[in-house]
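K.L.:
Starting from these lines, generate the structure:
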Amino acid sequence: MPRQNRVTPHGELIAVPDRGLFWGNRGPLLNPRGDLTRYSSGRAWAICVLSFKGRRRTQWRPGRLTELYFLDEATGLAAGHRPCGECRYREYQAFKQAFAEAVTGGRRAGAPEIDQRMHESRLTEPGRRRTYRAPLAELPDGTTISGGGTPWLLWRGELLGWTPGGYGERRPVTGAGTVTVITPQVSVAVLAAGYRPVVHPSAAGPASS
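P.N.:
Next comes the predicted model:
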């Protein structure tokens, strides 16, 4: 039976067998019995690689960081996370540089300030996600929007329908309408400043025969 540890772009936790390309956390979420009882704990929400320096973790331990899994980095960003500063050091430095250009006027911010600004951007209150409206034509690649109850990734001129196992339906980006944006506004600004997330191979489309 899969654990409820797979993260959707909305930040919800669902139970599916797929693991995805990355894991991460948003603090300890389990009670002493091992039940999932919290949406988040703390403000340092990370996106980590699945393997790093041979380290092993015992999954789903009360009192420890609760392991969560993402289809890809674009999903993690949509859910309000950022690259880990240890196992994804280079990506984190690139994220910090883009954050400085987009948010702090060129000043390099430390992790506490980045996490605080991201926390304000992703939640309206504990456990309740913040979304906003924006013109589709102004959004950068890597942004996830909502349409018809489905999360859609904006990627290379297309909208890709998100599923737990990969991207399925594809639509060309047409028109200049206003859409509901799932990816937090600070993270969208970081994407617009040049940060490029890792996306699932299914984003490239079906392999040619």
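K.L.:
who are the neighbours in contact with R130?
P.N.:
R130 sits next to 121-124, 184 when contact means C-beta atoms under 8 Å, 6 or more residues apart in numbering. In this view, the C-beta of every residue, glycine as well, is placed from N, C-alpha and C.
K.L.:
Only the buried subset of the residues you listed, as a ChimeraX command please.
P.N.:
A single ChimeraX command selects the buried members of the contacts of R130 (16 or more other C-beta atoms under 10 Å):
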select :121,122,123,184
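K.L.:
The contacts of R130: which two are farthest apart?
P.N.:
T124 and P184 (11.2 Å; C-beta to C-beta).
K.L.:
State the helix or strand in which the spatially most central residue of the chain lies.
P.N.:
In the chain, the centroid-proximal residue (C-alpha atoms, centre = their mean) is G76; its distance is 1.6 Å. Using DSSP states H and E, G76 falls within helix 73-78.
K.L.:
Same question for stretch 109-116: list its buried residues.
P.N.:
So for stretch 109-116, counting by 16+ other C-beta under 10 Å, buried means 114-115.
K.L.:
what do you get for stretch 181-197?
P.N.:
Here stretch 181-197 shows 181-193, 195, 197 as buried, counting by 16+ other C-beta under 10 Å.
K.L.:
about what we covered before: which secondary structure elements does the helix holding G76 sit against?
P.N.:
Secondary-structure packing of helix 73-78 (3 or more C-beta pairs under 8 Å, 6 or more residues apart in numbering; DSSP states H and E): strand 22-25, strand 46-49, strand 144-147, strand 150-155, helix 185-192.
K.L.:
Contacts for it, please.
P.N.:
Defining contact as C-beta under 8 Å, 6+ apart, one finds that helix 73-78 is touched by 7-10, 20-22, 24, 47, 70, 83, 91, 142-144, 151, 153, 155, 162, 182-184, 187, 191, 197-200.
K.L.:
Now the two most distant members of the buried residues of stretch 181-197.
P.N.:
Among these, I182 and A193 lie farthest apart (C-beta to C-beta), at 19.0 Å.
K.L.:
measure stretch 167-183 end to end?
P.N.:
By C-alpha to C-alpha, to the nearest Å, the extent of stretch 167-183 from end to end equals 17 Å.
K.L.:
avg pLDDT for it?
P.N.:
Taken as a whole, stretch 167-183 has a mean pLDDT of 92.
K.L.:
cool, and stretch 86-96?
P.N.:
So the average pLDDT for stretch 86-96 ends up being 97.
K.L.:
What are the buried residues along that stretch?
P.N.:
In terms of neighbour count (16+ other C-beta under 10 Å), stretch 86-96 has its buried residues at 87-88, 91-92, 94-96.
K.L.:
Tell me which of those residues fall in helices.
P.N.:
91-92, 94-96 (DSSP state H).
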